[in-house]
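In: 3D, please:
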Amino acid sequence: MKPVVRLIAATVAALTLSSTAFAQAWPERPIKAVVPFAAGSATDTIGRAFALKMQEVLGQTIVVDNKPGASGLLGADAVAKAAPDGYTILIGTNSTNAALKSLMKKLPYDQDTAFAPVAYMGSVPLIMAVNNDVPVKTLKELVDLAKAKPGSINFASASTSQLVSTEMMAGMAGIQLTNVSYKSGPAAMTDLIGGVVQMFSADFAVMLPQVKAGKVRGLAVTSSKRSPAVPELPTVNEALGLKDYELIAYFAVFAPAGTPPDIVAKLNKAVNAAASSKEIQERFAGIGFAVEPGTPEDLAKRSVTETAKWAKAIKDAKIEPQ
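Out: Here you go, the predicted structure:
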């Protein structure tokens, strides 16, 4: 048996050395960053900016690959099933890495174990807005209109945060709204401006330029405090006299489970360098983007907390799994 034991030991040692050498040499070719939402979305805009800064640290090109659909599920699934070699990463969000577990009856991957947490990027609040022809000036007036004419108001959503933010507000306000699902935030915005839908709750990157241009009417922000980027808009809590409403969208980098720790550490360093850069912070200050560099372990803990938080929000909003 001794020769067999020695052979097994030698094989394990060889594999370990090989894995270490691979991690040390990485990256030797371009890295693909999958954005699970459409071009022009906040996830895409922020992901591309981070990719450019990360390239400077890693010394390799990062190619952004948009795979929108099913609230981020299609893109997340592609990364979950990719080789764990560090050459495919996910620009994840609360949709892909916290809420989908509660929104879907069955996922094509295990949300809790399919990914290796890399680094938290940051978060943004959302703005609730209506088409300019809707006869309301405040969120309270919108709620009153919905109560007076049940079922008369529909709203767009192209992501989990957009869906849950509106449904949670409606539930807390005691009204019923009709959801119209879209593949991308920009497409939903086009229909809000055109009057196809009456209401839309979206991140600052998608919504704020249209509010500032007067193409839609902003009613409230979904954060617990007013945003310096649009201080004239009250919070949902202020507008409706609530205490516990808050919903923000966040962004983080994940890799396929099994990605070598050394590679995860290098990716983490690159993400944190991007988050800490003055260029990134100044570029996205106007959309309320708050960065928070940290370790992979920090993101792992946050993912557990956020998954529980979104499960409660989805249940409270009475959203049935699809």
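In: Quick one: the helices in this protein, in order.
Out: 2-25, 42-58, 73-80, 94, 100-103, 139-148, 160-173, 185-194, 204-212, 236-240, 261-276, 278-283, 296-316 (DSSP state H).
In: Nearest to V230 among these would be which one?
Out: helix 204-212 (6.3 Å; C-beta to C-beta). C-beta coordinates here come from the backbone N, C-alpha and C atoms, glycine included.
In: circling back to that earlier point, just tell me which of the helices of the chain ends up closest to G122.
Out: helix 261-276 (6.5 Å).
In: give the contact list for the residue nearest the centre of the chain.
Out: The residue lying closest to the centre of the chain (C-alpha atoms, centre = their mean) is T93, at 2.4 Å. Contacts here follow C-beta atoms under 8 Å, 6 or more residues apart in numbering; on that basis T93 touches 36-37, 43, 72, 159-161, 249-252.
In: what would the residues you listed look like in a markdown table with pLDDT?
Out: As requested, the contacts of T93 are arranged in a markdown table below (pLDDT from 0 to 100):
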| residue | pLDDT |
| --- | --- |
| P36 | 95 |
| F37 | 91 |
| T43 | 91 |
| G72 | 91 |
| S159 | 83 |
| T160 | 83 |
| S161 | 86 |
| A249 | 87 |
| Y250 | 91 |
| F251 | 95 |
| A252 | 97 |
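In: could those go into CSV alongside distance to A119 and neighbour count?
Out: Shown next, in CSV, are the contacts of T93 (distance: C-beta to C-beta, whole Å; neighbours: other C-beta atoms under 10 Å):
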residue, distance to A119, neighbour count
P36, 17, 31
F37, 19, 28
T43, 15, 29
G72, 18, 28
S159, 21, 32
T160, 21, 26
S161, 20, 29
A249, 17, 25
Y250, 12, 20
F251, 10, 23
A252, 7, 28
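In: which of those residues lies closest to E232?
Out: Among those, and counting by C-beta to C-beta, the member closest to E232 is A249, at 21.2 Å.
In: Quick check: chain neighbours aside, which residue is closest to the closest one?
Out: S161 (4.2 Å; C-beta to C-beta, 6 or more residues apart in numbering).
In: Verify the stated contact: that neighbour with N94.
Out: Yes: S161 is within contact range of N94, at 5.8 Å (criterion: C-beta atoms under 8 Å).
In: any residues in contact with both of those two?
Out: With C-beta under 8 Å, 6+ apart as the test, S161 and N94 both reach A249.
In: re the thing from before, which residues touch the residue nearest to A249?
Out: Contacts of S161 by C-beta under 8 Å, 6+ apart are 93-95, 99, 126, 203, 247-249.
In: For R6, give me the pLDDT.
Out: pLDDT recorded at R6 is 53.
In: which residues does L90 contact?
Out: L90 neighbours (C-beta under 8 Å, 6+ apart): 33-34, 36, 75-76, 79, 96, 115, 253-255.
In: Q55: which of the residues you listed is nearest?
Out: A33 (10.3 Å).
In: What's the mean pLDDT across stretch 256-268?
Out: In the prediction, stretch 256-268 has an average pLDDT of 98.
In: and this structure, what are its domains?
Out: Here the domain assignment for the chain is 29-124+249-316, 125-240, based on automatic domain parsing.
In: Need those in JSON lines (columns: distance to Q322).
Out: Formatted as JSON lines, the domains of the chain follow (distance: least, C-beta to C-beta, whole Å):
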{"stretch": "domain 29-124+249-316", "distance to Q322": "6"}
{"stretch": "domain 125-240", "distance to Q322": "10"}
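In: Alpha carbons of the longest strand along the chain, in CSV - could you do that?
Out: Secondary structure of the chain per DSSP state E: the longest strand is strand 115-131. What follows is strand 115-131 as a C-alpha-only set of coordinates in CSV (Å, rounded to 0.1, in the frame of the first residue of the first chain):
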residue,chain,number,x,y,z
PHE,A,115,-20.5,32.0,-6.7
ALA,A,116,-17.2,33.0,-5.0
PRO,A,117,-17.7,36.5,-3.5
VAL,A,118,-15.0,38.8,-4.7
ALA,A,119,-15.7,42.4,-3.7
TYR,A,120,-18.5,44.9,-3.0
MET,A,121,-18.6,47.8,-5.4
GLY,A,122,-21.2,50.2,-4.0
SER,A,123,-24.9,51.1,-3.9
VAL,A,124,-27.4,53.6,-5.3
PRO,A,125,-30.9,54.6,-4.4
LEU,A,126,-33.8,54.7,-6.8
ILE,A,127,-36.2,57.4,-7.9
MET,A,128,-40.0,56.9,-8.2
ALA,A,129,-41.4,58.8,-11.1
VAL,A,130,-44.5,59.1,-13.3
ASN,A,131,-45.3,60.1,-16.8
